[in-house]
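>>> Below is the sequence, then the predicted model.
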Amino acid sequence: MKRIIGVLCALAVFVCAGAFAFAASEDVPGFIRVGIGQYGSSLYYLDFPEGFAIYEYENGEIYLKESYPDVARAELVCQDGYINVYDEYGEELFISYGDTSRYFIGSTDMENGTFSEGGRTWRGGLMLYRCGSGYSYINVLSLEKYLYGVLPKEMSSSYPAEALKAQAVCARSYAARTVLSGGKHSAQGYDVCASQDCQVYGGMSCESAKCSSAAADTAGMLVYYNGAPVSCYYSANNGGWIESSQEIWGGGAGYLQAKKDDFNPDDNWEVAFTDEQLKSILRSAGHNIGNIQKVQITKRTAGGSVLEMEFTGDAGKAVINRDRIRFLFGSSVMRSLKFDLTENGYETVTKTIREPVEKEKSIALDQYYVLDRTGEVMVLNLNEVVAKSLSDALVIKKAETVTVEKTVQEKSGYDGIKISGRGFGHGVGMSQTGAREMASQGYGYQDILKYYFIGVTVQ
Ligand SMILES: [Zn+2]
């Protein structure tokens, strides 16, 4: 009977319970699907401390289909497109095939319950979505509880509470916007991924009480501009100047404007590359410009972020733009686009050196020697012997080495470029370290958000 529950659910459109009730509003979806990994076909053990349940996901709603409060451990087998779940006595609880994202398993308490797999603990439920030869592992959970697993990964929990609250509203705004716009990763079966590409998410294992409080204290709050919720962008440190989205990404937004930042603390860094390193970095990105001759910054924003960099080599030229510059050198090495460049490879100095030169010397000898064609050496008696012709004899002359003065051009200092930068990240929107500074000066999270996002309301 139990073995066909999933199939039954697929066929019988019985009106079970209504949509699972999550705290939600028109602008904040009740739950979110987070891609937490990619797995091949295999077998897994899952623990459900609050009991095991089966849910159905349809049109953005979640329905409870079956509940097993006494099942605390389950065995999951993914094989040949089927997903089978057994209890610890080997009895089948759930089987699903075809559309593997429609039904999913989870805790009996989707809002506060948990499940564990492989030493990691997650809130809510687990959805599997067939993707190539494997499965996307998707954590389905309340959007508010999702923020508990994002905040400690996106901002240090040592930051003041008001800074953490500002971060919580930013993270919620991003998540809500992404879910409502159809999800960034819908092709893989989920709304957001768990990496920097969307927002870093570590599940329940990374939660901290201080971060969870910051999320709970701002529950349901979003940033609005012109009456609509907006995505809040942020970076660690903007180097003293808030950048506009128009200049950095080429897409304008009224609330993402440029201005001087009076709160962002200094964060200076330096990095150097030799000509040989530059050549190889450019080559690995498909720019074979030969030996580096010149490196120039050719375009900047008003705030100093580099928008265009030009590399000239003896075999060509490469022009790199905006984010591609950080990507080219590595975004943890090239920490921001706010930098100055010192080019030392072609600074030259004039020097005088003494150089050895081989010089022919005429010497007076009593006797001259002749090497004939047979290799025989004989003394040449100028009075008696006359060569038959010049081609019959080779006259040996003596040479000596002398030194002469010469002026040369030499490279000075190190070879390559030195980069002196400020800040960490793209610099658009909120500076996280600026938010920390504002909070420590007594500003509230709404002040912080309104300082970094021009003309917004927080509600
Ligand atoms: Zn992503």
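Happy to help now that I have it.
>>> residues contacting Trp241?
258-261, 264, 303-305, 338, 427 (CB atoms under 8 Å, 6 or more residues apart in numbering). Yep, even glycine has a C-beta here, placed from its N, CA and C like the rest.
>>> Tell me what it is bridged to.
Trp241 forms beta bridges with Lys260, as assigned by DSSP bridges.
>>> Tell me the pLDDT of Lys398.
For Lys398, the model assigns a pLDDT of 55.
>>> To clarify, my last question referred to Ser133.
For Ser133, the pLDDT comes out at 72.
>>> Pick out the most distant pair among the contacts of Trp241.
Lys259 and Lys338 (14.6 Å; CB to CB).
>>> who's more crowded, these two?
Lys338 (24 against 14; other CB atoms under 10 Å).
>>> That one contacts Gly239, correct?
Yes: judged on CB atoms under 8 Å, Lys338 makes contact with Gly239 at a distance of 4.0 Å.
>>> Show me the common contact partners of the two, please.
Residues touching both Lys338 and Gly239 by CB under 8 Å, 6+ apart: 303-304, 421-423, 427.
>>> and the ion, which of the residues you listed reach it?
With CB under 5 Å from the ion as the criterion, these include none near the ion.
>>> so Lys279, which of the three states?
Using DSSP: H, G, I helix; E, B strand; the rest coil, the secondary structure recorded for Lys279 is helix.
>>> pLDDT on the strand or helix carrying Leu46, on average?
Taking DSSP states H and E as the criterion, Leu46 maps to strand 43-47. Averaging pLDDT along strand 43-47 yields 83.
>>> gap between that strand and the chain center?
31 Å (CA atoms, centre = their mean, to the nearest Å).
>>> And stretch 226-233, by the same measure?
Counting by CA atoms, centre = their mean, stretch 226-233 is centred 24 Å from the centre of its parent chain.
>>> distance between the ends of that stretch?
End-to-end span of stretch 226-233 (CA to CA, to the nearest Å): 17 Å.
>>> for stretch 310-330, same thing?
17 Å.
>>> distance between it and the chain's centre?
A distance of 18 Å separates the C-alpha centroid of stretch 310-330 from that of its chain, computed with CA atoms, centre = their mean.
>>> Next, the buried residues of it.
Buried positions in stretch 310-330, judged by neighbour count with 16 or more other CB atoms under 10 Å: 311-313, 318, 320, 322, 325-326, 328-329.
>>> can you list contacts of it?
The contact list for stretch 310-330, computed with CB under 8 Å, 6+ apart, reads 248-250, 271, 273, 278-279, 281-282, 285, 287-298, 306-309, 334, 336-337, 426.
>>> Pull out the buried members of those.
Among the contacts of stretch 310-330, those classed as buried by neighbour count (16+ other CB under 10 Å) are 248-249, 273, 278-279, 282, 287, 289, 292-293, 295, 297, 306-307, 309, 334, 336-337, 426.
>>> Which positions in the longest helix seen in the chain come out as buried?
Counting by DSSP state H, the longest helix found in the chain is helix 161-180. Within helix 161-180, the residues that qualify as buried by neighbour count (16+ other CB under 10 Å) are 162-179.
>>> before we move on, back to that, mind putting the buried residues of stretch 310-330 into TSV with pLDDT and secondary structure?
Converted to TSV, the buried residues of stretch 310-330 look like this (pLDDT from 0 to 100; DSSP: H, G, I helix; E, B strand; the rest coil):
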residue	pLDDT	secondary structure
Phe311	94	strand
Thr312	92	strand
Gly313	90	strand
Ala318	95	strand
Ile320	95	strand
Arg322	88	helix
Ile325	93	helix
Arg326	92	helix
Leu328	93	helix
Phe329	93	helix
